[in-house]
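A.B. asks: Have a look; sequence and predicted model below, questions after that.
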Amino acid sequence: WLARRWDDPAFPAAFPWFNTQRYWQDRILELREQVALMDEPPLWSS
């Protein structure tokens, strides 16, 4: 929703981190970590 509202002058001021390379690199890293965790065996089985 931030991307859709980015042209609203209030949004870049309120969310200055959103339009940075670092922000998106961090989100991609989080997704990669989640994928790696999903590849792990379950912690318990029935």
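C.D. replies: Looks like it arrived, so ask away.

A.B. asks: Now the residue positioned nearest the centre of the chain: which helix or strand?
C.D. replies: A centroid search over the chain (CA atoms, centre = their mean) returns Arg27, at 3.1 Å, as the residue closest to the centre. In the assignment (DSSP states H and E), Arg27 maps to helix 21-38.

A.B. asks: Report the mean per-residue pLDDT for that helix.
C.D. replies: Taken as a whole, helix 21-38 has an average pLDDT of 97.

A.B. asks: neighbouring contacts of that helix?
C.D. replies: Counting by CB atoms under 8 Å, 6 or more residues apart in numbering, the neighbours of helix 21-38 from elsewhere in the structure are Trp17. Just so you know, the C-beta spots here come from the backbone N, C-alpha and C atoms, and that holds for glycine as well.

A.B. asks: got the CA coordinates for it in CSV?
C.D. replies: Below are the C-alpha coordinates for helix 21-38, written out as CSV (Å, rounded to 0.1, in the frame of the first residue of the first chain):
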residue,chain,number,x,y,z
GLN,A,21,18.0,0.0,-1.5
ARG,A,22,18.8,-1.1,2.1
TYR,A,23,15.2,-1.5,3.0
TRP,A,24,14.5,-3.8,0.0
GLN,A,25,17.8,-5.8,0.6
ASP,A,26,16.7,-6.4,4.2
ARG,A,27,13.2,-7.7,3.0
ILE,A,28,14.8,-10.0,0.4
LEU,A,29,17.2,-11.4,3.1
GLU,A,30,14.2,-12.0,5.4
LEU,A,31,12.4,-13.9,2.6
ARG,A,32,15.6,-16.0,1.9
GLU,A,33,15.9,-16.9,5.6
GLN,A,34,12.2,-17.9,5.7
VAL,A,35,12.7,-20.2,2.6
ALA,A,36,15.8,-21.8,4.2
LEU,A,37,13.8,-22.4,7.4
MET,A,38,11.0,-24.0,5.4
